[in-house]
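> model this:
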Amino acid sequence: MVTRGASRTAVYAALSGTRLPSVQTLDLIVDAWVGGTAAERGWWRERRRAAEEAIAEESRLMGVAAPRRTPEEADFAEELRALWDECGSPATEAVARHCEVSARTLDSYLDGRTFPTPERLDQILIGLASVAGANKEADGPAVRGIPRTERLREALFRARAARKEERARVRELATALPGGQSGPAADAPPSFAGFGPVPGILPGRRFDDRGALVRAGVHRQLMASIAGSERLGAESVVLDDEHAGDEDHGDVIVYTGEGGAGDQQLTRGNAALATSASTRAPVRVVRRTTGTSGARAYRYDGLYTVEDYWSEQGLGARRVWRFCLVRRVSAEQGIANLSQIDDVERAGVVGGTRSPLSIQRVVRSTAIANLVKQIHDFTCQVCGVRLQLRAGRAYAEAAHIRSLGRPHGGADAIGNLLCLCPNCHVLMDTGMLVINDDLTVVSRADSTVLGVLREIPEHRIDREALAYHRTLHGAPEDGTAR
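Numbering: from 1, shown residues only. Presented below is the predicted three-dimensional model:
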């Protein structure tokens, strides 16, 4: 069928049921498998039209205001298919090789599901001319000189205008649909940018499905468990029983990043959570629960802060990213206290049941931290910088090599502390600086050795803590990171 002009991607998608084929692809499938006559083609086209209408009706019943295909869009698709046939009905994959448009996108244009911009239409025409054997020395003007292409451009102009009117109609309809797109997200003030509490949504609010979460603006991703961007940070996460490796302790969550095959990378949703750890911006947490009928449902459980993140060995000998999220205090949740909301569970969720949980906060020893800084005269052990302040004072930070909180369990002891400047402290916490057992300091940015960590008899460094820090951030475990 590919040799007859069908896109391999479109054929696979049609056979697997992931999306309807275009009329052109359907005709080619019918021709190849049943030797399609005009009657056979008409019968299968009618079945396709009925399936398309059934999908639209299902969306309407779910309270989703879906735009309809306008007659002008159908006219454009017909004009494009007619021109395609005049050029010999080439395969979309062949045309895609001669223009900056994918075969899948070309299929959607031919089917009328979407339509191109005028600039992209010019690229398609040049690609068609190239495949059809037009004069390449004058491919642009030659293509534009065909009378049918002028009608095609006029049809595109009318289709784009009709689509604008249809979108305006859908926006008006959305506000009138009960339980549809007229929820809190539609009424939210323009100042709501996706982060923090959603106006009108309090912790404990339940939602029937992921679609309801999207419409309310609580979690704006239908499939992904992390919503947000690498540049701005994470807006929300969804805890699911099927998400292996998560540790849900109620007020404290150890969340496993996204990426199912191979080692997880600090990109996309994982990078968004890492950004939130730096900005300290609130992240909405949604937990999967069970509805009244026993079906899957979801509950918004308030705002959390990404306190820490690291890489570790996960299931199947692959490395995964882990994020420690801690619930923010009641005043930051938009309510006076969590007990006001009956559905808010401050207990761990195990198999859909409640289990008591007591949260222990680690109290750091200020005296030990001050001692380490005084021993080194407030001078960074890595770069040797001493930040001088007024009145003869200096500034430095005490950094734990192995974090104290869950799940690291580091000791609040002098051997687990370093005296660092703010820059080196951040690089150390994020794993961009690692220290070998021989105390050589390695930059993970370019694998260069920056020098040797200063160690004195009064302050011996815990090598086991250094090894834990290297392993946590994916450095070699033999004590020789490069």
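> pass me the low-pLDDT residue ranges in the stretch 301-450 of the chain, would you?
Within the stretch 301-450 of the chain, the ranges that satisfy pLDDT under 70 run 315-317, 330-365, 405-406.
> show me where it has strands.
For the stretch 301-450 of the chain, applying DSSP state E, counting those that start in this stretch gives strands covering 319-327, 348-350, 353-355, 387-388, 394-395, 397-400, 417-420, 433-435, 440-443, 448-452.
> the last one pairs with which strands, and in what direction?
In the sheet containing strand 448-452, the strands it pairs with under DSSP bridges are strand 440-443 (antiparallel).
> residues making contact with the partner strand?
Residues from elsewhere that reach strand 440-443 (Cβ atoms under 8 Å, 6 or more residues apart in numbering): 382, 427, 432-436, 448-453, 475, 481-482. Backbone N, C-alpha and C define where each C-beta goes, glycine included.
> put the buried members of those residues into a PyMOL selection.
To isolate the buried ones among these in PyMOL, judged by 16 or more other Cβ atoms under 10 Å, type:
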select buried, resi 382+427+433+434+435+436+453+475+481
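> ok, the contacts of strand 440-443 vs Glu100, which is closest?
Checking those against Glu100 by Cβ to Cβ gives Met432 as the nearest, at 37.3 Å.
> tell me the contacts of the closest one?
Met432 makes contact with 443-445, according to Cβ under 8 Å, 6+ apart.
> still on that earlier bit, with respect to burial, which of the strands of the stretch 301-450 of the chain scores highest?
Of all these, strand 417-420 carries the top mean neighbour count, a mean of 26, counting by mean count of other Cβ atoms under 10 Å.
> contact partners of that one?
By Cβ under 8 Å, 6+ apart, the surrounding residues in contact with strand 417-420 are 368-369, 372-373, 375-376, 378-382, 396-401, 428, 453, 461.
> can you tell me which of those are classed as buried?
The neighbour-count criterion (16+ other Cβ under 10 Å) marks 369, 372-373, 375-376, 378-382, 396-401, 428, 453, 461 among those as buried.
> among those, name the ones in helices.
Judged by DSSP state H, the buried ones among the contacts of strand 417-420 include 369, 372-373, 375, 428 as members of helices.
> and the two most separated of those?
Longest distance between any two of these is 18.0 Å, between Ile375 and Met428; criterion Cβ to Cβ.
> if we can go back for a sec, closest to Ala77 out of the strands of the stretch 301-450 of the chain?
The minimum distance between Ala77 and the strands of the stretch 301-450 of the chain falls on strand 319-327, with 44.3 Å, by Cβ to Cβ.
> strand partners of the closest one, parallel vs antiparallel please.
strand 252-256 (antiparallel), strand 296-313 (antiparallel).
> centre of the chain versus the last one, how much separation?
So the one you mean is strand 296-313. How far strand 296-313 lies from its chain's middle: 14 Å, per Cα atoms, centre = their mean, to the nearest Å.
> bridging residues for Ile253?
Beta-bridge pairing for Ile253 (DSSP bridges): Asp248, Leu325.
> surely it and Val285 touch.
Yes. With contacts counted by Cβ atoms under 8 Å, Ile253 reaches Val285, the gap being 6.9 Å.
> what touches both of these two?
Counting by Cβ under 8 Å, 6+ apart, the contacts common to Ile253 and Val285 are 239, 304, 325.
> so can I have a markdown table of the residues you listed showing distance to Ser229?
Shown next, in a markdown table, are those (distance: Cβ to Cβ, whole Å):
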| residue | distance to Ser229 |
| --- | --- |
| Leu239 | 21 |
| Tyr304 | 18 |
| Leu325 | 18 |
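> out of those, flag the one nearest to Trp84.
Trp84 lies nearest to Leu239 out of the shared contacts of Ile253 and Val285, by Cβ to Cβ, at 48.2 Å.
> just give me the neighbour total for that closest one.
20 (other Cβ atoms under 10 Å).
> quick check: it touching Arg288?
Yes. If you go by Cβ under 8 Å, Leu239 and Arg288 touch, sitting 6.3 Å apart.
> which residues touch the nearest residue to Asp27 once chain neighbours are set aside?
Nearest non-adjacent residue to Asp27, counting by Cβ to Cβ, 6 or more residues apart in numbering: Arg41, 5.4 Å away. Shown in contact with Arg41 (Cβ under 8 Å, 6+ apart): 26-27, 30-31.
> dump the contacts of Met432 into a markdown table; add distance to Thr117 as well.
Shown next, in a markdown table, are the contacts of Met432 (distance: Cβ to Cβ, whole Å):
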| residue | distance to Thr117 |
| --- | --- |
| Ser443 | 45 |
| Arg444 | 43 |
| Ala445 | 40 |
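> pretty sure Leu222 is in a helix, no?
No. Assigned with DSSP: H, G, I helix; E, B strand; the rest coil, Leu222 falls outside any helix and is coil.
> and it, how many neighbours?
Leu222 sits with 11 neighbouring residues when counted by other Cβ under 10 Å.
> from Asp209, how far off is it?
Relative to Asp209, Leu222 is positioned 9 Å away (criterion: Cβ to Cβ, to the nearest Å).
> repeat that for Arg81.
Separation of Arg81 from Asp209 (Cβ to Cβ) stands at 37 Å.
> what do you get for Tyr304?
22 Å.
> quick one: the helices in the stretch 1-150 of the chain?
Along the stretch 1-150 of the chain, counting by DSSP state H, counting those that start in this stretch, helices occupy 8-16, 23-34, 38-61, 71-86, 92-96, 103-111, 118-132, 139-144, 147-174.
> neighbour-wise, which of Tyr304 and Asp209 wins?
Set side by side, Tyr304 and Asp209 show more neighbours around Tyr304, with 24 against 15, by other Cβ under 10 Å.
> OK, contacts around that one?
Contact criterion Cβ under 8 Å, 6+ apart gives 253, 282-285, 325-328 as the residues in contact with Tyr304.
> for the residues you listed, give me a markdown table that also has distance to Glu86.
Formatted as a markdown table, those follow (distance: Cβ to Cβ, whole Å):
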| residue | distance to Glu86 |
| --- | --- |
| Ile253 | 60 |
| Pro282 | 58 |
| Val283 | 55 |
| Arg284 | 54 |
| Val285 | 57 |
| Leu325 | 59 |
| Val326 | 64 |
| Arg327 | 64 |
| Arg328 | 63 |
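> closest to Ala271 out of those?
Lowest distance from Ala271 to those (Cβ to Cβ) belongs to Val283, with 13.7 Å.
> list the beta-bridge partners for the closest one.
Counting by DSSP bridges, Val283 forms beta bridges with Tyr304.
> what number of residues lie near it?
Val283 sits with 28 neighbouring residues when counted by other Cβ under 10 Å.
> show me the contacts for it.
Taking Cβ under 8 Å, 6+ apart, one finds 233-237, 273, 276, 303-306, 325 in contact with Val283.
> which of those residues sits closest to Ala77?
Distances from Ala77 to the contacts of Val283, taken by Cβ to Cβ, are shortest for Glu235, at 36.6 Å.
> part of a strand, is that closest one?
Yes. Secondary structure of Glu235 (three-state DSSP): part of a strand.
> how close does it sit to Asp246?
For Glu235, the distance to Asp246 (Cβ to Cβ) stands at 18 Å.
> in terms of neighbours, single out the busier of these two.
Between Glu235 and Asp246, counted using other Cβ under 10 Å, Glu235 has the larger neighbour count: 25 against 17.
> one step back: as TSV, the strands paired with strand 319-327 with distance to Gly392 would be great.
Shown next, in TSV, are those (distance: least, Cβ to Cβ, whole Å):
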stretch	distance to Gly392
strand 252-256	41
strand 296-313	35
